[in-house]
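Participant: following is a predicted model, sequence given first.
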Amino acid sequence: MTQETALLPTSPVAGDDHVPLRKVFVKTYGCQMNVYDSDRMSDALARDGYVATDAVEDADFVLLNTCHIREKAAEKVYSELGRLRELKKARASEGREMVIGVAGCVAQAEGDEILRRAPAVDLVIGPQTYHRLPEALKRARRGERVVETDYAIEDKFEHLPAPDRAKTRARGVTAFLTVQEGCDKFCTFCVVPYTRGAEVSRPVAQILAEAEKLVEGGVREITLLGQNVNAWHGTGPDGRDCGLGDLLRHLGEIDGLARLRYTTSHPRDMDDSLIEAHRSMAKLMPYLHLPVQSGSDRILKAMNRRHTAAEYLALIDRIRAAQPDLALSGDFIVGFPGETEEDFEDTMRLVESVGYAQAFSFKYSSRPGTPGAELTGQVAEDVKAKRLERLLNLLTRQQREFAASCVGREIDVLLEKPGRLAGQLVGRSPWLQPVNIDAKQSQIGDIIRVRITKAGPNSLFAEMVG
């Protein structure tokens with residue numbers, strides 16, 4: 001996923017005679033947490049008078065917020081930096097400044113190497129230090145080449161401005177909210193513990209305050225984010241220890257907040273309280289992203305997942321018993337080192353057994369610095385490609401079967417934005433599917449009752465009930 005994130009002007013700073021008006025262009029790669037991070041960096045820069053531009057050619061500051069999960073994602077960043085280098089030269093020939101920055105997980109993983117490999121880059125800032133971005137940018141504009149990748153001792157969230165009501169309204173009726181960062185699981189294929197650090201949970205009061213600000217700005221649905229979100233823990237308003245299920249219940253008490261979601265979860269942290277939240281909370285949507293990665297116990301052990309396929313399936317049964325309407329999403333890696341045809345068939349059997357409404361599957365990509373990169377038995381690319389194709393065909397069939405099963409059902413849909421056709425809006429089903437329906441622009445933000453009339457390849461179509 002790549003998303004361009006625009007900054008919104010903030011008054012009175014942007015118009016202050018003492019602060020020159022500058023334009024910024026932010027490009028976001030990767031996960032939802034990067035989207036959230038880009039928004040928060042945008043909020044911080046707006047205080048210094050930076051305003052949006054949709055045209056990179058007009059930007060005084062270009063920031064790439066990067067992802068390091070897969071090799072191709074990192075190479076895309078360097079390719080983009082090559083194009084920006086030429087643009088920066090052209091701007092310089094006109095006597096105009098352009099500062100180039102790299103943020104996110106590639107920045108954290110490669111640090112000074114980015115400055116060496118891409119000399120046009122002026123600053124590199126990691127995901128744990130992006131609250132220092134405004135000061136780092138000032139240093140870069142003075143001619144210093146800045147690298148800020150040391151893990152911050154201070155709580156970065158305390159140093160960021162609260163969400164602005166006007167900017168929240170402009171961003172839409174749904175929002176991401178980071179509650180947990182980092183991971184202590186150390187799966188052998190994953191760079192997250194090295195780029196995002198150890199697990200850290202944000203305090204309850206801080207999360208509730210940000211959620212209330214988002215709702216004041218018109219947000220109706222919040223998705224809680226974390227690399228391992230269901231490992232979140234904290235102290236509740238009553239002074240007692242609480243987990244993610246308790247946090248969801250506290251958030252559910254906010255007036256005006258209609259829907260809650262969370263991602264991404266680890267099977268080992270799916271506790272009774274969280275499962276009970278799926279049973280008892282109407283505001284918690286019946287959709288769960290619960291990656292398993294493989295159906296082979298041998299490969300799961302090599303991945304250091306610390307659960308078996310049978311344990312995963314038993315957990316699914318418990319969650320579905322609590323919430324029979326639940327739709328499941330997952331992640332799968334094919335071609336992990338040492339994976340045999342029988343191991344892959346175990347994955348196919350698990351997928352058939354679970355029945356996913358949505359899933360993401362990838363060929364194994366070796367990441368430097370992870371234990372997986374040192375393993376023997378690397379699987380040939382052509383074998384990985386064939387296995388991935390088979391898995392994708394199965395997952396696509398399951399996704400379409402789930403969508404077809406929705407036809408004729410009456411469901412509630414949150415209307416989010418204009419559709420592709422005049423007089424059409426797009427909303428989200430409880431199971432996160434896009435739903436197209438004829439409705440008025442003024443109804444954006446409403447939750448309406450609809451009947452699903454048709455299932456397309458990637459979305460549903462509906463008519464209003466009554």
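Facilitator: Here it is on my side, so go on. Numbers count the residues shown, from 1 in each chain.

Participant: CA atoms for contacts and neighbours, from now on please.
Facilitator: Fine.

Participant: quick one, helices of the stretch 151-300 of the chain?
Facilitator: Ranges of helices within the stretch 151-300 of the chain are 165-171, 192-195, 204-216, 244-251, 272-280, 297-302, based on DSSP state H, counting those that start in this stretch.

Participant: ok, which of those comes nearest Arg320?
Facilitator: helix 272-280 (9.1 Å; Cα to Cα).

Participant: which other helices and strands contact that closest one?
Facilitator: Helices and strands touching helix 272-280, by 3 or more Cα pairs under 8 Å, 6 or more residues apart in numbering; DSSP states H and E, are helix 244-251, helix 309-322.

Participant: which SS class is Lys27?
Facilitator: Three-state call for Lys27 (DSSP: H, G, I helix; E, B strand; the rest coil): strand.

Participant: still on that earlier bit, format the helices of the stretch 151-300 of the chain as CSV; extra columns: distance to Thr129, mean neighbour count and mean pLDDT.
Facilitator: Below are the helices of the stretch 151-300 of the chain laid out as CSV (distance: least, Cα to Cα, whole Å; neighbours: other Cα atoms under 10 Å; pLDDT from 0 to 100):
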stretch, distance to Thr129, mean neighbour count, mean pLDDT
helix 165-171, 23, 16, 70
helix 192-195, 12, 20, 89
helix 204-216, 18, 18, 95
helix 244-251, 25, 20, 97
helix 272-280, 31, 17, 98
helix 297-302, 33, 19, 98
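
Participant: any idea which of the helices and strands packed on helix 272-280 gets closest to Leu300?
Facilitator: The nearest among these, by Cα to Cα, is helix 309-322 at 8.0 Å.

Participant: what is the subsequent helix or strand relative to the closest one?
Facilitator: strand 327-334 (DSSP states H and E).

Participant: can I get that next one in CSV, CA atoms only?
Facilitator: Taking Å, rounded to 0.1, in the frame of the first residue of the first chain, the C-alpha atoms of strand 327-334 are listed here in CSV:
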residue,chain,number,x,y,z
ALA,A,327,-15.3,-12.9,9.5
LEU,A,328,-11.6,-13.9,9.6
SER,A,329,-8.6,-12.4,7.9
GLY,A,330,-5.1,-13.8,7.9
ASP,A,331,-1.5,-13.5,6.6
PHE,A,332,0.4,-16.3,4.9
ILE,A,333,4.1,-16.8,3.9
VAL,A,334,4.9,-19.4,1.3
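
Participant: buried stuff in it?
Facilitator: Buried positions in strand 327-334, judged by neighbour count with 16 or more other Cα atoms under 10 Å: 327-330, 332-334.

Participant: can you tell me which of these is nearest Leu177?
Facilitator: The closest of the buried residues of strand 327-334, once distances to Leu177 are taken by Cα to Cα, is Ser329, at 19.9 Å.

Participant: and the gap between the closest one and Leu244?
Facilitator: Separation of Ser329 from Leu244 (Cα to Cα, to the nearest Å): 19 Å.

Participant: format the helices of the stretch 151-300 of the chain as CSV; extra columns: distance to Arg349.
Facilitator: Listed next are the helices of the stretch 151-300 of the chain as CSV, based on distance: least, Cα to Cα, whole Å:
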stretch, distance to Arg349
helix 165-171, 41
helix 192-195, 28
helix 204-216, 40
helix 244-251, 31
helix 272-280, 25
helix 297-302, 12
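
Participant: quick one: closest of the ones you listed to Gly101.
Facilitator: Across these, closest to Gly101 is helix 192-195 (Cα to Cα), at 17.3 Å.

Participant: with distance to Val51 added, can I get the helices and strands packed on helix 272-280 in CSV?
Facilitator: CSV is the format used below for the helices and strands packed on helix 272-280 (distance: least, Cα to Cα, whole Å):
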stretch, distance to Val51
helix 244-251, 32
helix 309-322, 45
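
Participant: tell me which of these lies nearest to Pro134.
Facilitator: The nearest among the helices and strands packed on helix 272-280, by Cα to Cα, is helix 244-251 at 31.0 Å.

Participant: from the middle of its chain, how far away would the longest helix anywhere in the chain be?
Facilitator: The single longest helix within the chain, with elements called by DSSP state H, is helix 381-406. Centroid displacement of helix 381-406 relative to its chain, using Cα atoms, centre = their mean, to the nearest Å, is 22 Å.

Participant: which strands and helices sit next to that helix?
Facilitator: Using 3+ Cα pairs under 8 Å, 6+ apart, helix 381-406 sits against strand 327-334, helix 341-354, strand 358-363, strand 447-455.

Participant: so how far is Leu251 from Gln206?
Facilitator: 12 Å.

Participant: spatially central residue for this structure, please.
Facilitator: Gln32 (1.4 Å; Cα atoms, centre = their mean).
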